[in-house]
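Engineer: okay, sequence plus prediction incoming.
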2 protein chains.
Amino acid sequence: MAASSAKHDVFQAIADPTRRKLLKLLSSEEMPVTVISGHFPISRTAVSKHLRVLADAGLVKERKVGRETRYKLEPQPLYELKDWLQFFELYWENKLGALKRLVESDEQDL
Amino acid sequence: MAASSAKHDVFQAIADPTRRKLLKLLSSEEMPVTVISGHFPISRTAVSKHLRVLADAGLVKERKVGRETRYKLEPQPLYELKDWLQFFELYWENKLGALKRLVESDEQDL
DNA sequence: ATAATATAACACCTTTTGGTTTCATGTCAA
DNA sequence: TTGACATGAAACCAAAAGGTGTTATATTAT
């Protein structure tokens, strides 16, 4: 899995379905690894590695509490995704809207 | 690379930087593979495989014109991504909101 | 008909990824 | 202090991913 020496980016981090489920799970509540693992059919170690990838991408924050490590969603990096997506919105939604804007700017030129 | 027998999903398709560049490149104009390859440092075959992954995810549309195959962006599947993202907007906006409240209360303390 | 072009299809290679099991370390409770 | 628990780390594995180069096939131009 992800050895995680090099920083992972958001796009790659969310590519995996398990990691996406992790993000949702950790969105509301902070949780220790053991509890998190209970929600997945894979081993605790595997979950731990996914968490590492997410942490690398900055999507999750770790906090040590006694002998456990608790994880929580850190949504900021998703901004990058939103920005990226915004570029394409032009193309799907309003082909009409884009045309309208174009026409309007042309009108101003008149 | 992606053999592409099983359908690829959008999240996986956009995970690769080359594929993201492909999407941008194909957003404005329809292009045949050879022209597309000119924009990348990798082999034409590699580009072709990336295009296949994108097509699998429905992000790109192929059209045969004579002996060439032209590719164009098909932005619809990005909707899924937007929906997914929307869930998390709640969390980061709250955070910003919370920060704003914090700053404001600090100002009031002065 | 023949040569050149565009691209898909194969076969192959290396690195990464998702997963496992086992071991080491740190912390809490008795 | 001794044992149980939580987690990280390490070693390992199979499959997928990204890449290459080499055919094969269809289409266009001469």
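Structural biologist: Alright, I've got the coordinates.
Engineer: hmm, A:Ala55 is touching A:Glu62, no?
Structural biologist: Yes. A:Ala55 lies in contact with A:Glu62 (Cβ atoms under 8 Å); the separation is 6.0 Å. For the C-beta atoms, the positions are set from N, CA and C on the backbone; glycine is no exception.
Engineer: list the residues that contact both of those two?
Structural biologist: A:Tyr71 (Cβ atoms under 8 Å, 6 or more residues apart in numbering or on different chains).
Engineer: what about the strands in chain A?
Structural biologist: Assigned by DSSP state E, the strands in chain A fall at A:31-32, A:60-65, A:68-73.
Engineer: can you put the ones you listed in a markdown table and add mean pLDDT, distance to DNA strand D and mean neighbour count?
Structural biologist: Formatted as a markdown table, these follow (pLDDT from 0 to 100; distance: least, Cβ to the nearest atom of the strand, whole Å; neighbours: other Cβ atoms under 10 Å in any protein chain shown):
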| stretch | mean pLDDT | distance to DNA strand D | mean neighbour count |
| --- | --- | --- | --- |
| strand A:31-32 | 98 | 3 | 18 |
| strand A:60-65 | 96 | 6 | 14 |
| strand A:68-73 | 97 | 3 | 18 |
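Engineer: my guess is A:Asp16 meets A:Lys49, correct?
Structural biologist: No. Counting by Cβ under 8 Å, A:Asp16 stays clear of A:Lys49, with 10.7 Å between them.
Engineer: quick one: contacts of stretch A:76-96?
Structural biologist: A:10-11, A:14, A:57-59, A:98, A:100, B:20, B:23-24, B:27, B:73, B:75-76, B:78-79, B:81-82, B:85, B:88-89, B:92, B:95.
Engineer: and the helices in chain A?
Structural biologist: A:10-13, A:17-28, A:33-37, A:44-56, A:78-92, A:95-109 (DSSP state H).
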